[in-house]
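**Student:** could you look at this predicted model? Sequence included:
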Amino acid sequence: MKNLTVIIPSFNEEKAVSDTIIKLKPFSEKHSWKIIVVNDGSEDATKTILEKFGFIKTMCHKINRGYGASLKTGIGAAETELVAFYDADGQHNPEDLERLWLEWNDEDMIVGKRGKGSYIDLSRTPGKWILSITANFLAGRKIPDLNSGLRIVKKDIIIKYLHLFPDGFSFSTTSTIAFLSDKRVVEYKSITTNKRMGKSSVRQLKDGFNTVLLILRLITLFNPLKVFIPASISLVLLSAIYEIIWGYIYSPHLRLLPGALLTFLTGIIIFFFALIMDQISQIRRGSIK
(Lines give C-alpha, C1' and ligand atoms only; values in the text may rest on other atoms or scores of the structure.)
Protein backbone atom coordinates (compact mmCIF):
# COMPACT_ATOMS: atom_id res chain seq x y z
CA MET A 1 0.00 0.00 0.00
CA LYS A 2 1.46 3.35 -1.04
CA ASN A 3 1.83 6.31 1.28
CA LEU A 4 -0.85 9.00 1.16
CA THR A 5 -1.01 12.75 1.70
CA VAL A 6 -4.45 14.23 2.34
CA ILE A 7 -4.73 17.76 0.93
CA ILE A 8 -7.44 19.97 2.44
CA PRO A 9 -8.07 23.36 0.78
CA SER A 10 -9.63 25.78 3.24
CA PHE A 11 -11.13 29.21 2.68
CA ASN A 12 -13.18 30.80 5.48
CA GLU A 13 -14.02 27.40 6.98
CA GLU A 14 -13.81 28.31 10.68
CA LYS A 15 -17.07 26.48 11.38
CA ALA A 16 -15.96 23.16 9.93
CA VAL A 17 -12.21 22.80 9.52
CA SER A 18 -11.49 21.89 13.15
CA ASP A 19 -14.08 19.10 13.18
CA THR A 20 -12.83 17.87 9.80
CA ILE A 21 -9.24 17.55 11.04
CA ILE A 22 -10.24 15.95 14.36
CA LYS A 23 -12.23 13.26 12.53
CA LEU A 24 -9.33 12.59 10.17
CA LYS A 25 -6.70 12.36 12.91
CA PRO A 26 -7.27 8.71 14.05
CA PHE A 27 -7.21 7.52 10.43
CA SER A 28 -4.05 9.51 9.78
CA GLU A 29 -2.37 7.93 12.80
CA LYS A 30 -3.61 4.45 11.94
CA HIS A 31 -2.33 4.50 8.36
CA SER A 32 0.52 7.03 8.70
CA TRP A 33 -1.17 9.49 6.35
CA LYS A 34 0.22 12.98 5.98
CA ILE A 35 -2.20 15.90 6.17
CA ILE A 36 -1.62 19.22 4.42
CA VAL A 37 -4.13 22.02 4.97
CA VAL A 38 -3.85 24.97 2.60
CA ASN A 39 -5.30 28.13 4.10
CA ASP A 40 -6.35 30.04 1.00
CA GLY A 41 -6.24 33.59 2.29
CA SER A 42 -9.05 33.10 4.80
CA GLU A 43 -10.46 36.24 6.37
CA ASP A 44 -12.01 34.54 9.39
CA ALA A 45 -10.47 32.52 12.25
CA THR A 46 -9.37 29.61 10.03
CA LYS A 47 -5.66 30.42 10.36
CA THR A 48 -5.85 30.63 14.16
CA ILE A 49 -7.69 27.32 14.36
CA LEU A 50 -5.14 25.54 12.16
CA GLU A 51 -2.28 26.68 14.36
CA LYS A 52 -3.66 24.50 17.17
CA PHE A 53 -3.01 21.28 15.24
CA GLY A 54 0.66 20.37 15.48
CA PHE A 55 0.35 17.07 13.60
CA ILE A 56 -0.66 18.69 10.29
CA LYS A 57 1.32 20.74 7.82
CA THR A 58 -0.25 24.14 7.19
CA MET A 59 0.45 26.21 4.10
CA CYS A 60 -0.90 29.71 3.61
CA HIS A 61 -1.79 31.87 0.63
CA LYS A 62 -1.58 35.57 1.48
CA ILE A 63 -4.62 36.22 -0.72
CA ASN A 64 -7.48 34.04 -1.87
CA ARG A 65 -6.24 32.28 -5.00
CA GLY A 66 -8.91 29.62 -5.42
CA TYR A 67 -9.70 25.97 -4.74
CA GLY A 68 -7.58 24.70 -7.62
CA ALA A 69 -4.63 26.85 -6.65
CA SER A 70 -4.78 25.42 -3.12
CA LEU A 71 -4.71 21.88 -4.47
CA LYS A 72 -1.74 22.74 -6.68
CA THR A 73 0.12 24.11 -3.66
CA GLY A 74 -0.63 20.97 -1.67
CA ILE A 75 0.34 18.64 -4.50
CA GLY A 76 3.64 20.44 -4.93
CA ALA A 77 4.41 20.07 -1.22
CA ALA A 78 3.36 16.41 -0.93
CA GLU A 79 6.15 13.84 -0.67
CA THR A 80 4.08 10.67 -1.07
CA GLU A 81 3.20 8.60 -4.09
CA LEU A 82 -0.53 9.19 -3.65
CA VAL A 83 -2.42 12.40 -2.86
CA ALA A 84 -6.03 12.70 -1.75
CA PHE A 85 -8.32 15.70 -2.11
CA TYR A 86 -10.60 16.24 0.86
CA ASP A 87 -12.97 19.17 1.46
CA ALA A 88 -12.71 21.17 4.69
CA ASP A 89 -16.44 21.88 4.96
CA GLY A 90 -17.51 18.62 6.61
CA GLN A 91 -19.04 17.05 3.50
CA HIS A 92 -16.80 13.99 3.49
CA ASN A 93 -16.45 11.07 5.88
CA PRO A 94 -12.96 9.75 6.73
CA GLU A 95 -14.34 6.19 6.52
CA ASP A 96 -14.98 6.76 2.80
CA LEU A 97 -11.46 8.03 2.26
CA GLU A 98 -10.07 5.00 4.10
CA ARG A 99 -12.12 2.64 1.94
CA LEU A 100 -10.99 4.33 -1.28
CA TRP A 101 -7.38 4.02 -0.13
CA LEU A 102 -7.74 0.37 0.90
CA GLU A 103 -9.48 -0.49 -2.38
CA TRP A 104 -6.93 1.36 -4.48
CA ASN A 105 -5.58 -1.08 -7.07
CA ASP A 106 -2.94 0.89 -8.97
CA GLU A 107 -5.49 3.14 -10.70
CA ASP A 108 -4.33 6.52 -11.93
CA MET A 109 -7.22 8.10 -10.06
CA ILE A 110 -10.00 6.79 -7.86
CA VAL A 111 -13.01 9.06 -7.29
CA GLY A 112 -15.70 9.02 -4.66
CA LYS A 113 -19.07 8.79 -6.40
CA ARG A 114 -21.82 10.38 -4.31
CA GLY A 115 -24.42 7.67 -3.85
CA LYS A 116 -27.60 6.89 -1.95
CA GLY A 117 -28.03 8.88 1.23
CA SER A 118 -25.76 11.71 0.12
CA TYR A 119 -26.86 15.28 0.72
CA ILE A 120 -27.98 17.02 -2.49
CA ASP A 121 -28.21 20.78 -2.91
CA LEU A 122 -31.31 21.04 -5.10
CA SER A 123 -30.47 24.59 -6.17
CA ARG A 124 -27.41 23.27 -8.01
CA THR A 125 -29.08 20.27 -9.63
CA PRO A 126 -30.11 21.92 -12.95
CA GLY A 127 -26.66 23.41 -13.53
CA LYS A 128 -24.87 20.17 -12.66
CA TRP A 129 -27.18 18.23 -14.97
CA ILE A 130 -26.40 20.50 -17.93
CA LEU A 131 -22.71 20.37 -17.12
CA SER A 132 -22.76 16.58 -16.86
CA ILE A 133 -24.52 16.21 -20.23
CA THR A 134 -21.89 18.43 -21.83
CA ALA A 135 -18.99 16.59 -20.20
CA ASN A 136 -20.38 13.13 -21.05
CA PHE A 137 -20.68 14.06 -24.71
CA LEU A 138 -17.25 15.62 -24.97
CA ALA A 139 -15.49 12.88 -22.97
CA GLY A 140 -17.21 10.14 -24.95
CA ARG A 141 -18.44 8.20 -21.90
CA LYS A 142 -20.82 8.50 -18.97
CA ILE A 143 -19.13 10.12 -15.99
CA PRO A 144 -20.68 8.87 -12.72
CA ASP A 145 -19.66 11.96 -10.73
CA LEU A 146 -18.05 14.83 -12.58
CA ASN A 147 -16.93 17.11 -9.77
CA SER A 148 -16.67 15.03 -6.63
CA GLY A 149 -14.24 16.64 -4.19
CA LEU A 150 -13.09 13.33 -2.71
CA ARG A 151 -10.51 11.50 -4.80
CA ILE A 152 -7.11 9.83 -4.67
CA VAL A 153 -4.62 10.26 -7.50
CA LYS A 154 -1.02 9.40 -8.31
CA LYS A 155 1.12 12.45 -7.73
CA ASP A 156 3.60 11.71 -10.51
CA ILE A 157 0.75 11.69 -13.04
CA ILE A 158 -1.40 14.62 -11.95
CA ILE A 159 1.60 16.89 -11.54
CA LYS A 160 2.13 16.67 -15.31
CA TYR A 161 -1.32 18.17 -15.89
CA LEU A 162 -1.29 20.98 -13.33
CA HIS A 163 -0.48 23.69 -15.88
CA LEU A 164 -3.72 22.81 -17.67
CA PHE A 165 -5.97 23.04 -14.64
CA PRO A 166 -7.69 26.21 -13.38
CA ASP A 167 -7.14 27.85 -10.03
CA GLY A 168 -10.87 27.94 -9.26
CA PHE A 169 -13.55 25.42 -8.38
CA SER A 170 -13.37 23.78 -11.81
CA PHE A 171 -10.21 21.86 -10.84
CA SER A 172 -12.12 18.66 -10.01
CA THR A 173 -14.16 18.81 -13.20
CA THR A 174 -11.27 19.53 -15.54
CA SER A 175 -8.99 16.95 -13.94
CA THR A 176 -11.68 14.33 -14.53
CA ILE A 177 -12.08 15.34 -18.18
CA ALA A 178 -8.31 15.41 -18.70
CA PHE A 179 -7.74 11.94 -17.28
CA LEU A 180 -10.65 10.39 -19.19
CA SER A 181 -9.71 12.10 -22.44
CA ASP A 182 -6.14 10.88 -22.09
CA LYS A 183 -7.27 7.29 -21.42
CA ARG A 184 -6.03 7.22 -17.85
CA VAL A 185 -7.39 4.55 -15.52
CA VAL A 186 -10.15 6.20 -13.47
CA GLU A 187 -12.33 4.19 -11.09
CA TYR A 188 -15.39 5.26 -9.13
CA LYS A 189 -16.40 4.07 -5.67
CA SER A 190 -19.63 4.98 -3.89
CA ILE A 191 -19.43 7.37 -0.96
CA THR A 192 -21.89 9.31 1.18
CA THR A 193 -21.64 13.07 1.62
CA ASN A 194 -23.07 15.30 4.33
CA LYS A 195 -24.53 18.78 4.23
CA ARG A 196 -21.67 21.24 4.30
CA MET A 197 -21.08 23.44 7.32
CA GLY A 198 -20.94 27.18 6.70
CA LYS A 199 -21.65 29.06 3.50
CA SER A 200 -20.30 28.01 0.14
CA SER A 201 -18.22 30.53 -1.79
CA VAL A 202 -19.09 28.96 -5.15
CA ARG A 203 -20.76 31.40 -7.55
CA GLN A 204 -22.99 29.01 -9.43
CA LEU A 205 -23.71 30.96 -12.61
CA LYS A 206 -20.22 32.36 -13.15
CA ASP A 207 -18.30 29.26 -12.06
CA GLY A 208 -20.61 26.96 -14.03
CA PHE A 209 -20.17 28.96 -17.24
CA ASN A 210 -16.39 29.06 -16.75
CA THR A 211 -16.37 25.30 -16.21
CA VAL A 212 -18.11 24.68 -19.55
CA LEU A 213 -15.53 26.88 -21.27
CA LEU A 214 -12.71 25.02 -19.55
CA ILE A 215 -14.12 21.66 -20.60
CA LEU A 216 -14.24 22.85 -24.21
CA ARG A 217 -10.65 24.04 -23.95
CA LEU A 218 -9.46 20.74 -22.52
CA ILE A 219 -11.28 18.68 -25.14
CA THR A 220 -9.78 20.95 -27.78
CA LEU A 221 -6.39 20.05 -26.36
CA PHE A 222 -6.95 16.32 -25.84
CA ASN A 223 -9.38 15.54 -28.68
CA PRO A 224 -9.97 18.52 -31.01
CA LEU A 225 -11.49 16.30 -33.70
CA LYS A 226 -14.37 15.62 -31.31
CA VAL A 227 -15.26 19.31 -31.42
CA PHE A 228 -14.41 20.50 -34.90
CA ILE A 229 -15.28 17.54 -37.14
CA PRO A 230 -19.00 17.53 -36.14
CA ALA A 231 -19.08 21.30 -36.71
CA SER A 232 -17.49 20.87 -40.14
CA ILE A 233 -19.85 18.08 -41.21
CA SER A 234 -22.88 20.03 -39.94
CA LEU A 235 -21.96 23.09 -42.00
CA VAL A 236 -21.38 21.04 -45.16
CA LEU A 237 -24.73 19.28 -44.74
CA LEU A 238 -26.44 22.59 -43.98
CA SER A 239 -25.04 24.10 -47.17
CA ALA A 240 -26.33 21.12 -49.19
CA ILE A 241 -29.79 21.31 -47.62
CA TYR A 242 -29.92 25.07 -48.16
CA GLU A 243 -28.89 24.70 -51.78
CA ILE A 244 -31.41 21.93 -52.46
CA ILE A 245 -34.42 23.45 -50.71
CA TRP A 246 -33.92 27.12 -51.45
CA GLY A 247 -31.96 26.87 -54.70
CA TYR A 248 -33.93 24.21 -56.57
CA ILE A 249 -37.38 24.81 -55.13
CA TYR A 250 -37.62 28.56 -54.51
CA SER A 251 -34.88 29.89 -56.78
CA PRO A 252 -34.50 27.45 -59.67
CA HIS A 253 -32.81 30.12 -61.79
CA LEU A 254 -29.84 30.13 -59.40
CA ARG A 255 -27.67 27.01 -59.45
CA LEU A 256 -25.26 28.00 -56.72
CA LEU A 257 -26.47 30.24 -53.95
CA PRO A 258 -23.84 32.50 -52.34
CA GLY A 259 -25.04 31.59 -48.85
CA ALA A 260 -24.74 27.86 -49.55
CA LEU A 261 -21.29 28.32 -51.06
CA LEU A 262 -20.10 30.37 -48.08
CA THR A 263 -21.42 27.79 -45.59
CA PHE A 264 -19.79 24.93 -47.54
CA LEU A 265 -16.40 26.67 -47.67
CA THR A 266 -16.61 27.45 -43.94
CA GLY A 267 -17.18 23.77 -43.22
CA ILE A 268 -14.18 22.79 -45.34
CA ILE A 269 -11.95 25.37 -43.62
CA ILE A 270 -13.00 24.10 -40.19
CA PHE A 271 -12.20 20.53 -41.30
CA PHE A 272 -8.62 21.40 -42.22
CA PHE A 273 -8.35 23.57 -39.11
CA ALA A 274 -9.32 20.48 -37.07
CA LEU A 275 -6.52 18.46 -38.66
CA ILE A 276 -3.99 21.15 -37.77
CA MET A 277 -5.32 21.37 -34.20
CA ASP A 278 -5.04 17.60 -33.85
CA GLN A 279 -1.38 17.72 -34.83
CA ILE A 280 -0.72 20.52 -32.33
CA SER A 281 -2.57 18.51 -29.69
CA GLN A 282 -0.39 15.47 -30.29
CA ILE A 283 2.76 17.55 -29.91
CA ARG A 284 1.58 19.17 -26.64
CA ARG A 285 0.36 15.90 -25.17
CA GLY A 286 3.72 14.29 -25.87
CA SER A 287 5.25 16.22 -22.97
CA ILE A 288 2.53 14.97 -20.58
CA LYS A 289 2.88 11.29 -21.37
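**Tutor:** Here it is on my side, so go on.

**Student:** residue 46 contacts residue 9, correct?
**Tutor:** No: at 11.0 Å, residue 46 does not count as touching residue 9 under the criterion of Cβ atoms under 8 Å. Backbone N, C-alpha and C define where each C-beta goes, glycine included.

**Student:** ok, these two, which is more surrounded?
**Tutor:** Comparing residue 46 with residue 9 by neighbour count (other Cβ atoms under 10 Å), the higher total belongs to residue 9, at 29 against 25.

**Student:** in what helix or strand does the more buried one lie?
**Tutor:** strand 4-10 (DSSP states H and E).

**Student:** tell me which residues touch the nearest residue to residue 222 once chain neighbours are set aside, please.
**Tutor:** Distances taken as Cβ to Cβ, 6 or more residues apart in numbering place residue 181 nearest to residue 222, at 3.6 Å, with adjacent residues excluded. Contact analysis of residue 181 by Cβ atoms under 8 Å, 6 or more residues apart in numbering lists 139, 218, 219, 222, 223.

**Student:** how much space between residue 181 and residue 161?
**Tutor:** Plainly put, residue 181 is 11 Å away from residue 161 if you go by Cβ to Cβ, to the nearest Å.

**Student:** ends of stretch 140-148, what's the gap?
**Tutor:** Start-to-end span of stretch 140-148 (Cα to Cα, to the nearest Å) is 19 Å.

**Student:** actually, stretch 49-62.
**Tutor:** Stretch 49-62: ends 16 Å apart by Cα to Cα.

**Student:** same check, this time on stretch 90-106
**Tutor:** Stretch 90-106: ends 28 Å apart by Cα to Cα.

**Student:** return the set of buried residues in that stretch.
**Tutor:** 90, 91, 92, 93, 94, 96, 97, 98, 100, 101, 104 (16 or more other Cβ atoms under 10 Å).

**Student:** could you measure from the first one over to residue 168?
**Tutor:** Which is residue 90. To residue 168, residue 90 is 21 Å away according to Cβ to Cβ.

**Student:** what do you get for the last one?
**Tutor:** Counting by Cβ to Cβ, the gap between residue 104 and residue 168 amounts to 28 Å.

**Student:** how about the third one?
**Tutor:** Here residue 92 is placed at a distance of 20 Å from residue 168 (Cβ to Cβ).

**Student:** how about the helices of this protein, start to end?
**Tutor:** Taking DSSP state H to define them, one finds helices in the chain at 17-31, 46-50, 67-77, 94-102, 125-139, 155-158, 171-181, 204-222, 224-242, 258-288.

**Student:** how far off helix 171-181 does the fifth one point, in degrees?
**Tutor:** Right, the one you point to is helix 125-139. Following axes from the mean of the first three to the mean of the last three Cα atoms, to 10 degrees, one obtains 30 degrees for the angle between helix 125-139 and helix 171-181.
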